[in-house]
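Q: Below: sequence and its predicted model.
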Amino acid sequence: MCNCSAAKIPAYRRKTSKIVPNRIVKSASRVPMIYLCFAIYLYGDLSIYGAAIAKSLADVACTYLPKNLTCNDTVPDTELCWEGSTFTRLVAYRIFLTMFVLLLGPFVFFNVQKTKHLQLLTSVMRWLAFTIMIVYAIKNLFVHGPRGDPPIANLAGIPSLFGACVYSFMCHHSLPALIAPIANKSKLNQFLALDYTLIALFYLLLALTGIFAFERLDDLYTLDFGPRGLGNCSKSDNIFMLLMEYFLALFPVFTLSTSFPIIAITLRNNLQTLFLKEDTSYNLCLRKLVFPVLAVIPPYLIAIITKDLSILIGITGSYAGAGIQYLIPTFLVYYARQKTNKIIGLGVMNKFASPFSGRCWLVFVVVWAITCMILVSVNFIQIHLQSWISQ
């Protein structure tokens, strides 16, 4: 056995201070900019959730199809939702959005606990939907052949890709749960490499099968599997296929509705931490009424103004998402290394150290984050802003 007596421990390692990672994180997380970044991201997240749910409900509920359009055409928002009604599809979207916020918004006034079973159910539904979408798209490719005709890759389209790519960092949320159970850290890098490889393969499988299986793709992919999105307006006589179509079309409603209250409560807590001081008492109305309302109303108004998920995802992922994924971890690592070096010293060799431990990698990540923001800003100005001006 190894003799760990103090006599054999180098002087630079005989320290009385303790390294507590929580203190590093806690001291850094008090920077208002971090809470502001989280708040902006959560605002965008709630806006995307509300828009996706309302859009799914409106697309399923609105059954009127103009005679001059086919099932492969995108129905304009100015068209009627039902034949003979006065409601347009846009009005129906806003009605569903309002009903959704009125139904789940009040949860922000409380604290949601014991969500384990709810999260397990959501995970099962999510993987069931992903499996059905992939299998159905592959079946379409074998039976009908490729229907989609995607354009050749163009460098000019790269800026529009960054927002969605950064927003997809949701997959990183599972990494802490993967790292904690690993007792043998000697193969940690291999496990993480395998995890990222599986994530990349899953994204490619889901995306490539959809690109070639359908003639057109909605910005909300699940709508392409609905009764209207499958390419013919007639509903299937097969009860199993009918249930599958509605399950996939309403999939965002089932899964995102369970996350909406949790994210809204998280946003409320972040706003309170950002604007309120711990050692100060505040009016009950301010804490229990104002901040919950501030957590729900702005995302609702954003989703009312636009239902374009590509804009919401691009802005949320490119600015707040880049800050959370790139900038905040980079600065935390930088200051954590400084504090660790002061306590332990520079002579300690860690065989589990990251291969990206050099300071140049931190600079690269910051430059990469700024580049992503610039590219998405250029794309947003060129496409969306010009289209608004022309209208």
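A: Looks like it arrived, so ask away. Bear in mind that the values here come from a model prediction, so they are computed numbers and not experimental data.
Q: Chain neighbours aside, what residue packs nearest to R268?
A: On the basis of C-beta to C-beta, 6 or more residues apart in numbering, the spatially nearest residue to R268 that is not a chain neighbour turns out to be A295, at 4.2 Å. Every residue, glycine included, has its C-beta placed from N, CA and C.
Q: meant to ask about S354, not that
A: S354's closest residue in space is N189 (C-beta to C-beta, 6+ apart), at 8.0 Å.
Q: I'd say that neighbour and P355 touch.
A: Yes. Under the criterion of C-beta atoms under 8 Å, N189 makes contact with P355 at 7.3 Å.
Q: of those two, who's got more company?
A: Remark: of N189 and P355, N189 carries more neighbours, 12 against 7, as counted by other C-beta atoms under 10 Å.
Q: ok, the more buried one to Y196 distance?
A: N189 is 11 Å from Y196, where distance means C-beta to C-beta, to the nearest Å.
Q: and the gap between F291 and L276?
A: 8 Å.
Q: Same check on I138?
A: Counting by C-beta to C-beta, the gap between I138 and L276 amounts to 52 Å.
Q: and what of L284?
A: In this view, L284 and L276 are 13 Å apart by C-beta to C-beta.
Q: The two - which one has more neighbours?
A: Neighbours per residue (other C-beta under 10 Å) separate L284 from L276, with L276 holding more: 13 against 8.
Q: what's the neighbour count on V367?
A: A count of nearby residues for V367, using other C-beta under 10 Å, gives 11.
Q: before we move on, what about the one 3 residues further on?
A: Neighbouring residues of I370 were enumerated by other C-beta under 10 Å; the total is 13.
Q: Give me the residue ranges of the stretch 51-200 of the chain where confidence is low.
A: 70-73, 114, 156, 159-160, 163, 167, 169-182 (pLDDT under 70).
Q: all helices for it, in order.
A: Applying DSSP state H, counting those that start in this stretch to the stretch 51-200 of the chain gives helices spanning 89-104, 116-144, 158-167, 175-179, 188-213.
Q: Can you list the buried residues in the first one?
A: Using 16 or more other C-beta atoms under 10 Å as the burial criterion, the residues of helix 89-104 that qualify are R89, V91, A92, Y93, R94, I95, F96, L97, T98, F100, V101, L104.
Q: Which other helices and strands does that helix contact?
A: The contact analysis (3 or more C-beta pairs under 8 Å, 6 or more residues apart in numbering; DSSP states H and E) places helix 89-104 against helix 32-61, helix 251-275, helix 291-305.
Q: One more: the longest one?
A: The elements that helix 116-144 packs onto, with contact taken as 3+ C-beta pairs under 8 Å, 6+ apart, are helix 188-213, helix 239-249, helix 251-275.
Q: Tell me, how many residues neighbour A129?
A: When neighbours are defined as other C-beta under 10 Å, A129 has 20 of them.
Q: can you pull the contacts of it?
A: When the contact criterion is C-beta atoms under 8 Å, 6 or more residues apart in numbering, the partners of A129 are T222, F247, L248, F251, T255.
Q: which of those has the most neighbours?
A: Tallying neighbours with other C-beta under 10 Å puts F251 at the head of these, with 25 neighbours.
Q: And the pLDDT at that residue?
A: We note a pLDDT of 89 for F251 in this prediction.
Q: Hmm, it is touching L223, no?
A: No. With contact defined as C-beta under 8 Å, F251 does not reach L223; the gap is 9.6 Å.
Q: who touches both of these two?
A: By the contact definition C-beta under 8 Å, 6+ apart, F251 and L223 are jointly contacted by S56.
Q: List just the nearest of the contacts of A129 to G145.
A: For G145, the nearest member of the contacts of A129 is L248. The distance, counting by C-beta to C-beta, is 21.8 Å.
Q: so who does the closest residue to the closest one other than its chain neighbours touch?
A: The shortest distance from L248 to any residue that is not its chain neighbour, by C-beta to C-beta, 6+ apart, is 3.9 Å, and that residue is F225. If you count contacts by C-beta under 8 Å, 6+ apart, F225 has them with I132, M133, Y136, M244, E245, L248, A249.
Q: Format those residues as a markdown table; extra columns: distance to P299.
A: Formatted as a markdown table, the entries for those read as follows, by distance: C-beta to C-beta, whole Å:
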| residue | distance to P299 |
| --- | --- |
| I132 | 29 |
| M133 | 27 |
| Y136 | 32 |
| M244 | 31 |
| E245 | 29 |
| L248 | 25 |
| A249 | 23 |
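Q: between those residues, which is closest to H144?
A: The closest of those, once distances to H144 are taken by C-beta to C-beta, is Y136, at 11.6 Å.
Q: Quick check: closest non-adjacent residue to the closest one.
A: Take Y136 and drop its neighbours on the chain: the residue closest to it by C-beta to C-beta, 6+ apart is F225, 6.6 Å away.
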